[in-house]
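A.B. asks: coords please:
(one chain, ligands or ions: 1)
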Amino acid sequence: MILARAEQATRRYGDVLALDSVDLDVSAGELVGLLGPNGAGKSTLMNLLVGLRRPTAGRVQLFGGDPRDPAHRRSVGVTPQETGLPGTLRVGEVVDFVSAHYPDPVPRGELLDRFGLTDLVRRQTGGLSGGQRRRLAVALAFVGRPRLVLLDEPTTGLDVEARHTLWDAVRAFHADGGTVLLTSHYLEEVEALARRVVVIGRGRVLADDTVAAVRDVVGVRRVSLTADDLPELPGVTRVERAEGRTHLFTTDADRLVRDLVTGGVPFRDLEVRPTSLEKAFLAITADEQPTGSR
Ligand SMILES: Nc1ncnc2c1ncn2[C@@H]1O[C@H](COP(=O)(O)OP(=O)(O)OP(=O)(O)O)[C@@H](O)[C@H]1O
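C.D. replies: You can find the predicted model right below:
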C-alpha cells in the first residue's frame, strides 16, 4: 500500500526550479532516506507531500488523497526543518497540548522516555538547548501514533549520544510497523536507519536504490598527493590540481593506491579522505543519469 506518492511533481519558486518532475512512492512499512546536498529540493518534496505547498505541475498524494485535505493528514507526523515552540511552556505542557489533538496519543511519560527527554519534563522550552529543542520537535511528530512520519533533517544540531537516542526511537517506530521518510545530508545517517535511499540533486531524483548500491556510487574518496607526473589511472572520475597538489576522485581508493604503488609512481604526502556529497555528485552525476530504478 502506497502511503505517499509524487508523480512527475514539479515545483517552481519564481525562477528557481526547486523540484523537477519527481516520481516517488513510499509504501507502508518502508524507512526511506532522502539524501542530497543543500538546496537539492528535499524540503520542497516533503512540503508537497504533507500539503504545505502545492506542486506547480504533476501530482502528490497522501494516503491515496489530496495532502491538503486534513482528513488525509490525520495519520501523518511531521517534523519540519525549523520549528517554533512556545518558549514559556514547559516540555510536559507542550506534549500535553499536542496530545490533546489526537484520540489515542502516546502517554507523555512513554514518549519522553523514548526520546531521552524525561529529565526535561518541567523545563520551559525557551530554556532548552538547540539539541534538546530539536529532540522535542521530533518527539512531537510521534505523539498521535502516526502511520507515516516525515522528518526533515531530524538530527541537525544533535550530539552523538542524542543522535543515537533519536535513531533508536525511529528504529523502534519502524519495527512496530511505522513508515518513515527522513531527509539528511549524510549517507552515514541514512545508512544507520534506512534500507532504501533516494538521492536528490538539483531538484531531480538521481538514484533510488539500496543504501549499499548508492554507497558504491556516492562513496567517492579523494586521494590527494604530490607528484610530478601521473600516468593514466583507472577508476579516477575527476582530477583537480591546487597549490602543487593533485586530487584524484575515485570510488575505489584502495585500488587506486595499489595501482600507484605497483606502478612505481613517485609520490609524496598521500592522503585519502571521504568527499562531501556535493563533490561526490560533481564527480559522478555529470550526465545526471539515474543509477537505479525501482
Ligand atoms: N519559499 C521559497 N522561495 C524561493 N525559493 C525557495 C523557497 N523554498 C525553497 N526554495 C529554493 O528551492 C530550492 C530547493 O530548496 P529546498 O529547501 O527544497 O532544498 P533542500 O534539499 O531541503 O536543502 P537543505 O538541505 O539546504 O535544507 C533551493 O534553491 C531553494 O533556495
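A.B. asks: how about the residues of the stretch 51-200 of the chain that lie near the ligand?
C.D. replies: Along the stretch 51-200 of the chain, the residues adjacent to the ligand under the rule CB under 6 Å from any ligand atom are Gln81, His185. All C-beta atoms are positioned from the backbone trio N, CA, C, and that covers glycine.
A.B. asks: any idea which helix is longest in this structure?
C.D. replies: helix 160-175 (DSSP state H).
A.B. asks: Distance-wise, check the closest residue to the ligand within the stretch 101-250 of the chain relative to Asn38.
C.D. replies: Taking CB to the nearest ligand atom as the measure, the stretch 101-250 of the chain has His185 as its residue closest to the ligand, at 6.0 Å. Using CB to CB, to the nearest Å, His185 is found at 7 Å from Asn38.
A.B. asks: Kindly report the same for Val143.
C.D. replies: 30 Å.
A.B. asks: Name the residue in the two with the higher neighbour count.
C.D. replies: Val143 (22 against 8; other CB atoms under 10 Å).
A.B. asks: Neighbours of the closest residue to Asp269 other than its chain neighbours, how many?
C.D. replies: Leaving aside its chain neighbours, Asp269 sits nearest to Thr226 (5.1 Å; criterion: CB to CB, 6 or more residues apart in numbering). As a burial measure, Thr226 scores 14 neighbours (other CB under 10 Å).
A.B. asks: Just to check, Thr226 is in contact with Val265?
C.D. replies: No: checked against CB atoms under 8 Å, the pair Thr226 and Val265 is beyond contact range at 11.5 Å.
A.B. asks: Tell me the pLDDT of Arg238.
C.D. replies: Residue-level confidence at Arg238 comes out at 86, pLDDT.
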